[in-house]
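Peer 1: sequence and predicted model, in that order:
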Amino acid sequence: MNDNYFALERKQNAIRNTKWGIVEKILILLFPFVIRTCLIYKMGIDYAGLNSLFSAILSVLNIAELGISSAIIYNMYLPIAQKDKAKICALLRVYKTAYLFIGTIILVFGLLLMPFIKFFVKGAIPNDVNLYIIYFVFLFNTVVGYLFFSYKNCILTSYQRIDIISKVSFVINTIIYILQIVIILCIDNYYLYVMTLPFATILINIVNYIVVTKLFPDYKPIGKIDDITKRELKKNILGLLIGKIGSSSRNTLDSIIISTFLGLASVGIYNNYYFIITVLNGFLGIISTSIVSGVGNKIIIESPETNYLDFRRLNFYYMWISGWCLICLLNLYQPFIRIWVGESSLLPNVSMFLFCYYFLMLKQGDINSIYYQAAGLWYYGRWRSIVEAVINLILNIILGKIWGINGIILATIISFTLVYFYGSSITFTKYFKNKKLLIFYFDNIVYMIVPFSIGFILYYIFSYIDNNMNIYIDFLVRSLVCLIIPNVVLIIIYLFFKEKREYIFELYNFVINKIGGNKK
């Protein structure tokens, strides 16, 4: 292993990870979109709903992962910086053992749940589908993700070499996705389609294992961690376990409740809208995934004061991009759904507005979450996720019965909002400490009001466009306007705020230097 090659150069690694992250995200978001479209048009919306339902159920079972990967990676930052190979190997052994145990637990509980699967589906299911066989394939796909060498991926993540994982996934997934499209369009067999899922998972894990073993031959799952590290791991894993309950309860519970109350078709329609948010989250996730290891390393070697300045700067850039995405959502959501899956799959505008608010609300916590994770504060926020999950479940049932899909989206928004303020404060009270939390809240209020105001003004203007306009031309015009106007207006508004003006000038100088060939 060449230690100089794998030196923790935060900016270089972040840029490299971002480049390959974009390539991988384009693949894993574009192809599933094409595959979902083929499923809907070739087989029907019920099949897409079936996919969403079983993915949701298995996401709940995945709570057993406990967030061990995040805890292990956090504990690897310091030994990697100190080149302590013995401790890294010991942590790797813990990771391997834990994943074997988790895979077994998911398999057992998944099989115990199997007899009750029929109760999660209201109304008819496709005639040529056996619910239990399809569910078992989805379950098997989840289990093999733990049993086939995936534990070694934490080394690449800790060394900020996520680009290697992206390259492997890109090659294998491209082949698998093309195969899935051929199966759906030419063979028209849902069983063959779902069988490709575990095959892809196994292949990716095996190739990643070979690559990591070649690049890091000295890192093997051997040795024992010391008692201090063991106690710290247990504490962080407990916090992550409870924390994961909250995040897993959002879309997963929504899909399960919709299927139980309204049927597979409604799940399919709901998840068409949610899929768009997932795509945006995926691209924005490239940013957070690419910088999280760098932030974790910087937290080890830099002061909270320095990291706080970086935090505010990152939050501004991230929320600028998120605000632009929000404006695009408000004005392109319905036209895109109309073109994609047809008029019959449109939800009311109220539902669309709720999805938009939900999207931006989630984004407001992302940069805070990066520092929360990098500083290892999971234990302190454990109870907020339990509260969120309980409130979400209760409101889902109550509001879902009253208002259907709108009630379920609203339930998720309410439950998330109620715990948002407490969750955000943890990073400030436990890490940044003396920094002003109210400034963070004020910033995010600005990041909420400004893009929504611009978005609704554009929405109001577009509402006067001739309704007889061709839907493709309408979408093209809206897209061109949303591409240019919102960012110009956002820049003008943010220039009135001193700190934000400085961030804009910093970005401007950075771009000019890059264009001019200045590598500094």
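Peer 2: Looks like it came in fine. Residues are numbered from 1 along each chain as shown.
Peer 1: which stretches of this structure have low pLDDT?
Peer 2: 1-18, 21, 60-67, 238-251, 293, 382, 434, 466-467, 514, 516-520 (pLDDT under 70).
Peer 1: the helix or strand hosting I202 packs against which elements?
Peer 2: In this structure, I202 sits in helix 190-215 according to DSSP states H and E. Here helix 190-215 touches helix 131-147, helix 153-158, helix 162-182, going by 3 or more C-beta pairs under 8 Å, 6 or more residues apart in numbering; DSSP states H and E. (C-beta placed from N, C-alpha, C; glycine too.)
Peer 1: ok, residues contacting stretch 210-222?
Peer 2: 1, 6, 85, 88-90, 92-93, 95-97, 151-153, 155-156, 164, 168 (C-beta atoms under 8 Å, 6 or more residues apart in numbering).
Peer 1: typo on my end, stretch 459-476
Peer 2: 330-332, 335-336, 338-339, 477-478.
Peer 1: among the residues you listed, which ones are in helices?
Peer 2: Counting by DSSP state H, the contacts of stretch 459-476 place 330-332, 335-336, 338-339, 477-478 in helices.
Peer 1: who wins for neighbours among the residues you listed?
Peer 2: L330 (27 neighbours; other C-beta atoms under 10 Å).
Peer 1: ok, the residue nearest to that one when sequence neighbours are not counted to I321 distance?
Peer 2: Among residues not flanking L330 along the chain, G455 sits closest, at 3.8 Å (C-beta to C-beta, 6 or more residues apart in numbering). Between G455 and I321 the computed distance is 14 Å (C-beta to C-beta, to the nearest Å).
Peer 1: now do D254
Peer 2: From D254 over to I321 the distance is 25 Å, taken as C-beta to C-beta.
Peer 1: could you check which of those two is surrounded by more residues?
Peer 2: Using other C-beta under 10 Å, the more surrounded residue of D254 and I321 is D254, with 24 against 17.
Peer 1: how's the chain carved up into domains?
Peer 2: 10-301+365-433, 302-364+434-520 (automatic domain parsing).
Peer 1: of those domains, flag the one that's most buried.
Peer 2: Highest mean neighbour count of these: domain 10-301+365-433, a mean of 19 (counted as mean count of other C-beta atoms under 10 Å).
Peer 1: now do the SS call for the residue lying closest to A374 once chain neighbours are set aside.
Peer 2: In this structure, A374 finds its nearest non-sequential neighbour in G296, 3.8 Å apart by C-beta to C-beta, 6+ apart. With DSSP: H, G, I helix; E, B strand; the rest coil as the basis, G296 sits in helix.
Peer 1: contact partners for G296?
Peer 2: Counted by C-beta under 8 Å, 6+ apart, G296 has contacts 73-74, 77, 373-374.
Peer 1: give me that answer again for 10 Å
Peer 2: By C-beta atoms under 10 Å, 6 or more residues apart in numbering, the contact set of G296 is 8, 10, 73-74, 76-78, 158, 160, 370-371, 373-376.
Peer 1: and it, how far from I225?
Peer 2: To I225, G296 is 19 Å away according to C-beta to C-beta.
Peer 1: and which of the contacts of G296 is nearest L139?
Peer 2: L139 has its nearest neighbour among the contacts of G296 in I73, at 26.3 Å by C-beta to C-beta.
Peer 1: which elements pack onto the helix or strand hosting that closest one?
Peer 2: Assigned by DSSP H and E, I73 falls within helix 68-81. If contacts are counted by 3 or more C-beta pairs under 10 Å, 6 or more residues apart in numbering; DSSP states H and E, helix 68-81 sits against helix 85-113, helix 153-158, helix 227-248, helix 264-301, helix 366-374.
Peer 1: how far does stretch 451-464 sit from the chain's center?
Peer 2: 28 Å (C-alpha atoms, centre = their mean, to the nearest Å).
Peer 1: for stretch 291-306, same thing?
Peer 2: 22 Å.
Peer 1: what's the answer for stretch 47-58, then?
Peer 2: 17 Å.
Peer 1: can you check stretch 347-364 too?
Peer 2: For stretch 347-364, the separation from the chain centroid amounts to 16 Å (computed by C-alpha atoms, centre = their mean).
Peer 1: only C-alpha atoms, please: export it in CSV.
Peer 2: Only the C-alpha atoms of stretch 347-364 are listed here, as CSV (Å, rounded to 0.1, in the frame of the first residue of the first chain):
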residue,chain,number,x,y,z
LEU,A,347,-51.8,14.0,-7.7
PRO,A,348,-53.6,17.3,-6.7
ASN,A,349,-51.5,20.4,-6.6
VAL,A,350,-51.8,20.4,-2.8
SER,A,351,-50.0,17.1,-2.7
MET,A,352,-47.3,18.5,-4.9
PHE,A,353,-46.8,21.5,-2.6
LEU,A,354,-46.5,19.2,0.4
PHE,A,355,-43.8,17.2,-1.4
CYS,A,356,-41.9,20.4,-2.2
TYR,A,357,-42.0,21.6,1.4
TYR,A,358,-41.0,18.1,2.6
PHE,A,359,-38.0,18.2,0.3
LEU,A,360,-36.6,21.5,1.4
MET,A,361,-37.3,20.7,5.1
LEU,A,362,-35.1,17.6,4.8
LYS,A,363,-32.4,19.5,3.0
GLN,A,364,-32.1,22.1,5.8
